[in-house]
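Enquirer: build me a model:
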Amino acid sequence: MRLTKEKLLATWRMRKQIFNDSKNEYIINRFNEVHELFKKIFQMDISYDDVRNVYIINGKDVVFMDGSSPSTNYFSAKDDEMTEYGAFNGVIKMSENFPEENRDMILKIGSLLGGFTFDDNHEMMDEYRIISNTITEGNDMGSLSSVGQSRHPSSNFADNNYFFNVISTIQDIRDGKFNPDDSNIVLRWPTSAYYTDDSQAEISQKDALRHRFPYKYFYMWTHDVIHPVSLMAYRDLVQQYDSEIKYEPDEEMNQDFPDFIAEEGWQMYSTAIRDMIPEDERGSDFWEDISKLLSVILIQDQQMNNIQELLNTGNKAIILFGPPGTGKTYHAKELVCEELAVSKDEIDKYKFDDNSPVLDKGAWTLVQFHPNYTYEDFIGGITPNIKGENLSYSLKEGIFKKMCDVAAKKGNGEKKFIIIIDEINRADLSSVFGELMYALEYRNEEVSIPNFSQPFIIPSNVYIIGTMNSIDKSLVTFDLALRRRFGFIKIMPNVSVLENILADYNIEESCLVSFVKRCKELNERIASPSSRLQLGVDYQIGHAYYGKIKDFKKKCNQKEPPQVISTFDLEKLWDYHLLPLLEEYLGNRMDDSDVIDCLYSIKNEFTKPLI
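Expert: Numbers count the residues shown, from 1 in each chain. Have a look, this model is predicted:
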């Protein structure tokens, strides 16, 4: 969400409504759980006996079940063989090796560090994480995808840190006694893939953590300042466009911790945000309320929220449009999941079948339009049947009529029926939709359709999601009468998702960062008005095209050596996927020598070594 001072004040005044909205419940609950965890940590009496090399919590030595003491070296969890391959497994192993009185705190701190839910499922969620998928670097600009190999940094962070070291660190930060150079907090397992030995790993990790988010997070939650619930919320806040809202010193997610906690750092920023709210409207719980509010409005996928709002208003028909390869169909299916309140794993169970009972939440289907797609395919009509030398005719119902008829049946009124029309503009829309022009706008009103004796209606519980390429010439001729019956949402390339697309390929960190940057620069060059290609923003290359680089790499796990994207890989991506697309865009301008020279120059830039 793009915030301004005015928007912030407006959302502050409707915060109770936002907090009570059921779709925000998982963020509100997480905020409250973190709040309770920090309260417990504040109440703990922790000290370290440097004679016996043992931590003491609430008067009791922190020891294993067998009475032995945990290692106090930097990579202590590694020394004690407490880490495990697989998300949260190391945290569970740790909890099983300490006495019962420590176990709840171990599980909760592990959940906090790794972005896992606090329940027994321990599911890692992007929205809860406090460290990104940046592996060794001193910034948190990496993706927050919690799928595949990419989530290992959070998992490593959770099971390489003993709970007593985290408690001690949080209390020292609260009391102003913390020195990042003396910290015992570990970034990750010191694998030989990234470090020469443990000593070098310790130096590297301590330096990286000075600039990463966790220490800042601990500071925010231990002081009267804005304290977002996670890195996702924080990053969106500090990188806002409005100069009054964004926190420029950490825009690159690498501000040094001492600078962050300095007088002119986060404290000054928080005070400036506080002063945007009239004093008589703040209340005694201001810092908690403003932090909770910002967490909700910054974490919620605003684009998806906007699409949902548009779909559920007006004619309940929208079109997602944009350059090829931007994930329009993917977004459409995500929207189906949101509307039916089902997971991606469950979505296939809800595919529409007019011969099977409709499940409790509704149903969905997908059709793809093409130049030969007809009214008879979509609505229905007389179709010829040829058997041998015999010709007969039968009345056939189209997919949309079938869905609308089922949606209108008694008992289905509260269920949602969604049809995705892929490449909606490739068919002759005026012909395919026919009488639906009226029915789309006037739901539940009967219209007569040819060859069917019963009147037809589009019930109010039927939703239409179309997708179309913005550069397709047929967009220009999209029937104006039909156009006003749809809401339009533009979906543009987002190259940052390449980190998610390549999550299971263990690409070397600096190589992956350079690749994403290279793709972004290519799109900027295509979009530039001064480019000799003279294409424009709608001709930027979709991230799905750049993601084809995975076709030239093999899937591998983090135990295997990291892969690099070579110049040979980049040349294949250019020759097989990017250049043919650009040639299609340019058409007969490919005969222009200036355009050919420009493409040659772009190729040379794009295929240079990444590292």
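
Enquirer: what are the ranges of the strands in the protein?
Expert: Using DSSP state E, the strands assigned to the chain run over residues 46-49, 54-57, 60-61, 317-322, 362-368, 380-387, 390-397, 416-422, 462-469, 487-490.

Enquirer: how about the residue at the greatest distance from the centre of the chain, phi and psi?
Expert: For the chain, the residue at maximal distance from the C-alpha centroid (CA atoms, centre = their mean) is Glu389, at 57.5 Å. Per-residue torsions, Glu389: phi -100, psi 0 (degrees, to the nearest 10).

Enquirer: coming back round to it: nearest to Tyr585, of the strands of the chain?
Expert: strand 462-469 (11.1 Å; CB to CB). Heads up, the C-betas are built off the backbone N, CA and C, glycines and all.

Enquirer: contacts for that closest one?
Expert: Residues from elsewhere that reach strand 462-469 (CB atoms under 8 Å, 6 or more residues apart in numbering): 311, 316-324, 328-329, 332, 335-336, 339, 403-404, 407, 416-426, 440, 443, 475, 486.

Enquirer: hmm, which of those residues are the buried ones?
Expert: 311, 316-324, 328-329, 332, 335-336, 339, 403-404, 407, 416-426, 440, 475, 486 (16 or more other CB atoms under 10 Å).

Enquirer: nearest spatial neighbour of Thr136, chain-adjacent residues omitted?
Expert: Excluding its sequence neighbours, the residue lying closest to Thr136 (CB to CB, 6 or more residues apart in numbering) is Tyr194, at 5.1 Å.

Enquirer: can you pull the pLDDT of the one you found?
Expert: On the pLDDT scale, Tyr194 is placed at 85.

Enquirer: if we can go back for a sec, which one of the strands of the chain lies closest to Thr83?
Expert: strand 54-57 (19.1 Å).

Enquirer: now Lys548. Nearest residue, chain neighbours left out?
Expert: His577 (4.7 Å).

Enquirer: so what's the residue count around that neighbour?
Expert: 19 (other CB atoms under 10 Å).

Enquirer: quick one, grab the pLDDT at it.
Expert: On the pLDDT scale, His577 is placed at 96.

Enquirer: Glu389 too?
Expert: The model's pLDDT for Glu389 equals 81.

Enquirer: quick one: average pLDDT of stretch 312-331?
Expert: On average, stretch 312-331 scores 89.

Enquirer: pull up the gap between the residue lying closest to Phe286 once chain neighbours are set aside and Val497, please.
Expert: Leaving aside its chain neighbours, Phe286 sits nearest to Arg274 (6.8 Å; criterion: CB to CB, 6+ apart). Distance of Arg274 to Val497, computed by CB to CB, to the nearest Å: 34 Å.

Enquirer: for Asp242, same thing?
Expert: Asp242 is 25 Å from Val497, by CB to CB.

Enquirer: higher neighbour count, those two?
Expert: Counting neighbours by other CB under 10 Å for Asp242 and for Val497 shows that Val497 has the greater number, 19 against 13.

Enquirer: tell me if I'm right that the more buried one and His543 touch.
Expert: Yes: contact criterion CB atoms under 8 Å: Val497 and His543 qualify, at 5.4 Å.

Enquirer: can you check which residues contact both of those two?
Expert: Shared contacts of Val497 and His543, counting by CB under 8 Å, 6+ apart, come down to Gly327.

Enquirer: between the strands of the chain, which one is nearest to Pro214?
Expert: Closest approach to Pro214 among the strands of the chain is made by strand 46-49 (18.3 Å; CB to CB).

Enquirer: just the buried positions in that closest one, please.
Expert: Buried, per 16+ other CB under 10 Å, within strand 46-49: Ile46.

Enquirer: equivalent analysis for stretch 375-385, please.
Expert: Quick answer for stretch 375-385 (16+ other CB under 10 Å): Tyr375, Glu376, Asp377, Phe378, Ile379, Gly380, Gly381.

Enquirer: try stretch 426-439
Expert: Arg426, Ala427, Asp428, Leu429, Val432, Phe433, Gly434, Leu436, Met437, Ala439.

Enquirer: that older thread, OK, contacts around the residue farthest from the centre of the chain?
Expert: For Glu389, no contacting residues are found, by CB under 8 Å, 6+ apart.
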